[in-house]
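In: Predicted model, plus sequence, below.
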Amino acid sequence: MLYADFHTHSQYAYAVSKKNNVQGFYESSLKKGLGLVSTGDALHPEHWKELDKLIEINNTGLYTIQGKPEVKFVFGGEVSLFFKHEEKQKKIHLCFLSPSKTEVESLKDELKEYNLKSDGRPILKISVHDFCSKLFKISEEFTVFPAHVWTPWFGILGEKSGFNNLKDAFQEYEPLIKSIEMGMSSDCEMNSRIPFLESKKFLANSDAHSLDLVRWGRECNAFTKLESYHNLQKSFELNSTEFSYVVKVDPAYGRYHYCGHKGCGYSQESQGICPKCGKPLIRGVASRVDELSDKVERKVQKNFKILPLKEVIALALNKKSSSKIVEKEHEKLLKENNELNWLLEAKIEGDNKISKMILLNRQGKIKFKPGYDGLYGIPFML
Ligand SMILES: [Zn+2]
Ligand SMILES: [Zn+2]
Ligand SMILES: [Zn+2]
C-alpha cells in the first residue's frame, strides 16, 4: 500500500516550523511511512529554489530528491482566496496538484501580479471561479480540491465565509473537481450525507505545519498503485479501484467538531447561545454537516480512524504527547517499523500498556471529549 499526503506546508507559510524544508519532508515521511507527499507551497519563490532541484522520475510527473527514491513528491500548494460573492465576503482555501513542474511555472507566471513571496499559502484577491479559470487554462490536468471544507473560516462549506454547495463557488468548473479534503473534524460517514458530494472522492490530508509525527501525515490516503501523476488523476474517478481507503483521526479529535466558545470553556453538539456569555457559539462541523445533509443513505468510502502514535503512547502512559518519556518510547518503536505500520498492521507482541493501547486504537475503542472553537478533542479511555 502507498500512503500519500496531498496537503503540506513549507517553512515559508504562516505559522509553520522553520524546519519544514524538502529534506525534512523526506525524513518525516520515511518515519511515518508515507510514499508520496505534496511539495506544498510550490508558488513560493524561496521554497521553489529547493523544489527546482527535485528529479522527475521518467516523465511521470512525480519527483524525488536525487538518490532518495523512497519518498516521491508531487508539485502542489494551497491558496487563500478573498473575494466578494453576492455582496458577501468569502475566504476560501483551495489546494492544487500539478501534472508536472512545468505547469507550476506557467501558473506562477499567470499569477505574477500577486505577491507570491509574502506567504507560502498566498492570499489572492480572486474568486474560486476565476482562480480555476486561470489554472485550467494552463492545463485541465491540474487537480484542484477545496481544503478542510467544513472549517468555519476558510472552508468552502464553512458557515462563516463559505458557500452552501460547490456549484455556486466553482460554477462551470464544478465537474472538474473530483475530490474534497474532509478536514480533521469530519469523516467519510458525515460527508456521505451531503447530496452534492455524492460523486466526489473524500481526501484525508494532514495540512501539517510541523514535521513532528503527531502532525506530519496524521491523515493520509492509501493507494494500491500510484506510479505517475496520471495514475493519481485516474484514481479520483468514481469507479477507480486504485484509491483504497483513507486514514483519519476520529472527527471528535478535530478542532471544530462541536459548537462552543474556547474562552468560556463551553461546548455542545448543536448550535445555540452560550450560557456563559450570551453570544452565539462558534458553529461546529457536526452541526454544519447536519444542516446541509439530506437523510439519504449512501455508500460510505472506506476510512480507518486512528490517533497518531505519540498520542496513543501518551494515553497509555498517562503523560503529555510532548513529554520526554513519550518521545523516547516513540523513537524506540520507530526503530522497528514506520508509524503507519505500527498504527494499522504490525503484529503486536507482549501485553504492556503501549501494546494494548495500539490495539485499542485499531479497534476504535479510544473515546474523545470533542474539540470545539479551535481546541483539539481530548482522547480518553473509559
Ligand atoms: Zn487552509
Ligand atoms: Zn494548509
Ligand atoms: Zn461564551
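Out: Received it, and whenever you're ready, just let me know what you need. Ligands and ions are numbered 1, 2, ... in the order given.

In: low-confidence ranges in the protein?
Out: Residue ranges of the chain with pLDDT under 70: none are present.

In: List the contacts of the residue nearest in space to the middle of it.
Out: Of all residues in the chain, the one closest to the mean position by Cα atoms, centre = their mean is residue 205, 2.5 Å from it. Contacts here follow Cβ atoms under 8 Å, 6 or more residues apart in numbering; on that basis residue 205 touches 5-8, 38, 95, 147, 181, 219-221. Where C-beta positions appear, they are placed from N, C-alpha and C, glycine not excepted.

In: so it is in which element?
Out: Assignment of secondary structure by DSSP states H and E places residue 205 within no helix or strand.

In: quick one, what contacts the spatially closest residue to it that is not a sequence neighbour?
Out: Of all residues beyond its chain neighbours, the one nearest residue 205 is residue 7 (3.5 Å), with distances taken as Cβ to Cβ, 6 or more residues apart in numbering. Under the criterion of Cβ under 8 Å, 6+ apart, the contact list for residue 7 reads 38, 40, 76, 78, 95, 147, 181, 205-207.

In: out of the residues you listed, who's nearest residue 196?
Out: residue 181 (15.7 Å; Cβ to Cβ).

In: rewinding a little: looking at the contacts of residue 205, which one is closest to residue 261?
Out: Lowest distance from residue 261 to the contacts of residue 205 (Cβ to Cβ) belongs to residue 147, with 24.8 Å.

In: Contacts only, for that closest one.
Out: Contacts here follow Cβ under 8 Å, 6+ apart; on that basis residue 147 touches 7, 78, 93-95, 154-155, 181, 183, 205, 207.

In: Mind doing that once more with 10 Å?
Out: Neighbouring residues of residue 147 by Cβ atoms under 10 Å, 6 or more residues apart in numbering: 6-7, 78-80, 92-96, 121, 154-156, 180-181, 183, 203, 205, 207.

In: what about residue 94, is that helix, strand or coil?
Out: Using DSSP: H, G, I helix; E, B strand; the rest coil as the criterion, the local structure at residue 94 reads strand.

In: is it true that it touches residue 81?
Out: Yes - counting by Cβ atoms under 10 Å, a contact exists between residue 94 and residue 81, whose distance comes to 6.5 Å.

In: Common neighbours of these two, please.
Out: Contact criterion Cβ under 10 Å, 6+ apart; residues shared by residue 94 and residue 81: 124, 128, 131, 154, 156, 169.

In: Can you flag which of the contacts of residue 147 belong to helices?
Out: Among the contacts of residue 147, no member falls in helices (DSSP state H).

In: Need the contact partners of stretch 257-270.
Out: When contacts are taken as Cβ under 10 Å, 6+ apart, the neighbours of stretch 257-270 outside the stretch itself are 150, 152, 184-187, 190, 250-252, 255, 271-272, 274-288, 290, 368-377.

In: For that stretch, buried residues please.
Out: Neighbour-count burial for stretch 257-270 flags 257-261, 266-268 (criterion: 16 or more other Cβ atoms under 10 Å).

In: again, but for stretch 228-237
Out: Applying a neighbour-count criterion of 16+ other Cβ under 10 Å, the buried positions in stretch 228-237 are 228-229, 231-233, 235-236.

In: Just the C-alphas of that stretch, formatted as PDB.
Out: Only the C-alpha atoms of stretch 228-237 are listed here, as PDB (Å, rounded to 0.1, in the frame of the first residue of the first chain):
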ATOM      1  CA  SER A 228       2.500   8.500 -12.100                       C
ATOM      2  CA  TYR A 229       0.500  11.700 -11.800                       C
ATOM      3  CA  HIS A 230      -1.700  10.300 -14.500                       C
ATOM      4  CA  ASN A 231      -2.500   7.300 -12.200                       C
ATOM      5  CA  LEU A 232      -3.300   9.700  -9.500                       C
ATOM      6  CA  GLN A 233      -5.800  11.600 -11.600                       C
ATOM      7  CA  LYS A 234      -7.400   8.400 -12.700                       C
ATOM      8  CA  SER A 235      -7.700   7.200  -9.100                       C
ATOM      9  CA  PHE A 236     -10.000  10.100  -8.400                       C
ATOM     10  CA  GLU A 237     -12.500   8.900 -11.000                       C
END
